[in-house]
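Engineer: Need a 3D model of the following:
(chains A, B, C and D)
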2 protein chains.
Amino acid sequence: MAEPNQTPSLVDVAARAGVSPTTVSRVLNNRGYLSQRTKDRVAQAIEELNYRPNEVARALLGQRTKMIGVIVPTVALPFFGEVVVSLEHALEQHGYRLLLCNSLGRADLEREYLDLLISNRVDGIISGAHNDAIPEYADIKLPLVTIDRQLAPQIPNVRCDNEAGGRMATELLLRRGCRHPALLTSTSSPRNMREAGYRAVLAEAGIEPIVGTVNFHTPEPRRTQQIDAWLSRWLPNVDGVFATDDLMAGTVLEWAAQSGVAVPDQLRVVGFDGTEAIRRALPGLSTVRQPIRLICRGATDLLLSQIDNHAFSAGDQQRIKPLEFPVSLFEGRTT
Amino acid sequence: MAEPNQTPSLVDVAARAGVSPTTVSRVLNNRGYLSQRTKDRVAQAIEELNYRPNEVARALLGQRTKMIGVIVPTVALPFFGEVVVSLEHALEQHGYRLLLCNSLGRADLEREYLDLLISNRVDGIISGAHNDAIPEYADIKLPLVTIDRQLAPQIPNVRCDNEAGGRMATELLLRRGCRHPALLTSTSSPRNMREAGYRAVLAEAGIEPIVGTVNFHTPEPRRTQQIDAWLSRWLPNVDGVFATDDLMAGTVLEWAAQSGVAVPDQLRVVGFDGTEAIRRALPGLSTVRQPIRLICRGATDLLLSQIDNHAFSAGDQQRIKPLEFPVSLFEGRTT
DNA sequence: GTGAAAGCGCTAACAT
DNA sequence: ATGTTAGCGCTTTCAC
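Structural biologist: Prediction:
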């Protein structure tokens, strides 16, 4: 007696079609010579049983799960949300699925996720999150590509031209007449290329830079308080703000509205990222748009070529030039 | 000669520790009686080989992948991004992983994803996306929970109290002095409970409702154009707008800024959702906050209990009362 | 053109 | 306290 409740297996299909399991497999994978009659019978059995091949079994046998692990700080932030959507669709085009990990910017979680992905035998990893202090990435024997932040010289990295973006934003502020544009960013460092762009333009113009930092993952309401305090301290010396992400720019705009500071007349504001969601929420915000689609396609292509070539990132120790895509400026009401 | 490049298997560990595979398995799963000496030797072999159990093999054997498929329109929108983050962490607490599917609101994609998830033998599905016209959900023999929109009476559904939210938003507008608050929503229908709340309050106040619709997935710039056209048409008859999501509210605010309409004096605006990201981008926006954490925990608990009880949604045909969580009002500068 | 047998990595039954 | 055997669902030799 058959168990009708059980998910049917290939063997069930074979029995029903009166052929061997091998033949069913061949029909499924379109391999070898099959008589039309056999094909039809198998197709019918599949239909009748509503059979779906078990990808888990395929993965075990074939040694490839067709799954890619993606680690980002959190898809609750539109930039990473959009990145993950783009990745998912780029991967899907090649028959890959996406296992999502939100590290929340926590190094411990990120480490755990790395382990998890290895245990699940993902075929590769795309990481858009990194606590730079995670050495584990170095000895991962798995195709790996990072987005935006470069982890190590030999790990492929895809990003936008952050420095050009920083320059464009700063130049826009100067062009609109700002004398003292300030920078508001997450972490000030020599490796912050948006900051580098800002500093370069100001240096050329002979203007003293003013840099404020509020960490990305600072919880509300502290984050807003820090931004407000910083703004109140510098105004009215400052007549423009380049915020290195759009959400920060939004907080600046709100501070201006509440403080009775006119935008753009008294204060000009530019953001960074230009995601669809924020373009809806803040359609007037001037911003530097990242080519997220391009970045994600680039990352996917790099990863899949690694997978296809069995060229594991750990293997080739040579320095790889990061793949950089150009940004574009959107000028809205706030400048 | 061993192949040092290969990922080590449990058999390799067994060989190195001088025990049988079963013993290694027992050590890994902490089952049965093991001598301390054996435990140590196995632990050492695992360490030396840097062995990780192959979850794919475990899944094939145990008939459970510990993976949950999650279908949403797109995590590029903060609401769904935040939902997915919450789900991922709720699931992770129970040892489950999340396979992400962004349906982009397209019925064809949603169908494909359903197939994909079945083929990958996920242990359950949480869907926050539905083209109502997808009958496939009905005959899915898999634990299934929906978020926000109810698919069918017998499928468990978790959501916030949308009608109460609609009421609260509308009442806030009236309380602040609006005489003609309009509704801006994605789809007007009797099943749109936010709209129902709005209509109910207006009916009680004896005010004629004004309803505008702009579909969720309308691409820019058409979306903005539609909203702008609608606003220009109704103002100044309208002195308040309840937008059923925060992004729409953002577009309304921008229209007001560009049209020289003072907020809140000439036009009051309330949104809906209150995600973290939008609270950062538009800190001044009055909005109805959804308890996303609660909703996601509720959905996860319901799903996991289905899984544990082998009670498949298709099985129990009885009507299930949706799980509703209360919303809360945030009043900002825009009202 | 089609089938039988072996095996991917693991664990549950059944020994001992 | 530990080992042996069988099998999850599939594909890949190698036969015929």
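Engineer: Do you have the helices of chain A handy? List them.
Structural biologist: Taking DSSP state H as the criterion, chain A contains helices spanning A:10-17, A:21-29, A:36-49, A:55-62, A:78-93, A:107-119, A:162-175, A:193-205, A:222-234, A:246-259, A:276-281, A:292-308.
Engineer: got the contact list for the closest residue to residue A:106 other than its chain neighbours?
Structural biologist: Closest residue in space to residue A:106, ignoring its immediate chain neighbours: residue A:131 at 7.6 Å, by CB to CB, 6 or more residues apart in numbering or on different chains. The C-beta positions use only the backbone N, C-alpha and C, and glycine is treated the same way. Neighbouring residues of residue A:131 by CB atoms under 8 Å, 6 or more residues apart in numbering or on different chains: A:103, A:105, A:106, A:107, A:110.
Engineer: Pick the one among those residues closest to residue B:283.
Structural biologist: residue A:105 (21.0 Å; CB to CB).
Engineer: residues near that closest one, how many?
Structural biologist: 16 (other CB atoms under 10 Å in any protein chain shown).
Engineer: quick one: least confident helix or strand in chain A?
Structural biologist: Least confident element among the helices and strands of chain A, by mean pLDDT, DSSP states H and E: helix A:222-234 (a mean of 92).
Engineer: Would you confirm that residue A:86 contacts residue A:291?
Structural biologist: No - contact criterion CB atoms under 8 Å: residue A:86 and residue A:291 do not qualify, at 10.0 Å.
Engineer: Kindly provide the distance from the residue nearest the centre of chain A to chain B.
Structural biologist: Relative to the mean C-alpha position of chain A, the nearest C-alpha, by CA atoms, centre = their mean, is the one of residue A:83, at 3.7 Å. Residue A:83 sits 9 Å away from chain B, going by CB to the nearest CB, to the nearest Å.
Engineer: Next: residue A:56.
Structural biologist: Distance of residue A:56 to chain B, computed by CB to the nearest CB: 5 Å.
Engineer: Tell me which residues touch that residue, please.
Structural biologist: Contacts of residue A:56 (CB under 8 Å, 6+ apart): B:56, B:59, B:60, B:65, B:120, B:121.
Engineer: I'd like these laid out as TSV, including distance to residue B:319 and pLDDT.
Structural biologist: Below are the contacts of residue A:56 laid out as TSV (distance: CB to CB, whole Å; pLDDT from 0 to 100):
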residue	distance to residue B:319	pLDDT
B:56	38	98
B:59	34	97
B:60	36	97
B:65	30	97
B:120	30	98
B:121	29	97
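Engineer: Same list, the residues you listed, but only the ones touching DNA strand D.
Structural biologist: Among the contacts of residue A:56, the ones lying near DNA strand D by CB under 7 Å from any atom of the strand are residue B:60.
Engineer: Taking the contacts of residue A:56 together, which two end up most distant?
Structural biologist: B:60 and B:120 (12.0 Å).
Engineer: which residues touch the closest residue to DNA strand D within chain A?
Structural biologist: When scored by CB to the nearest atom of the strand, chain A has residue A:10 as its residue closest to DNA strand D, at 2.9 Å. Neighbouring residues of residue A:10 by CB under 8 Å, 6+ apart: A:21, A:24, A:25, A:28, A:51, A:53, A:54.
Engineer: how deep is the fourth one tucked in, by neighbour count?
Structural biologist: When you say that, I think you mean residue A:28. Residues near residue A:28, counting by other CB under 10 Å: 16.
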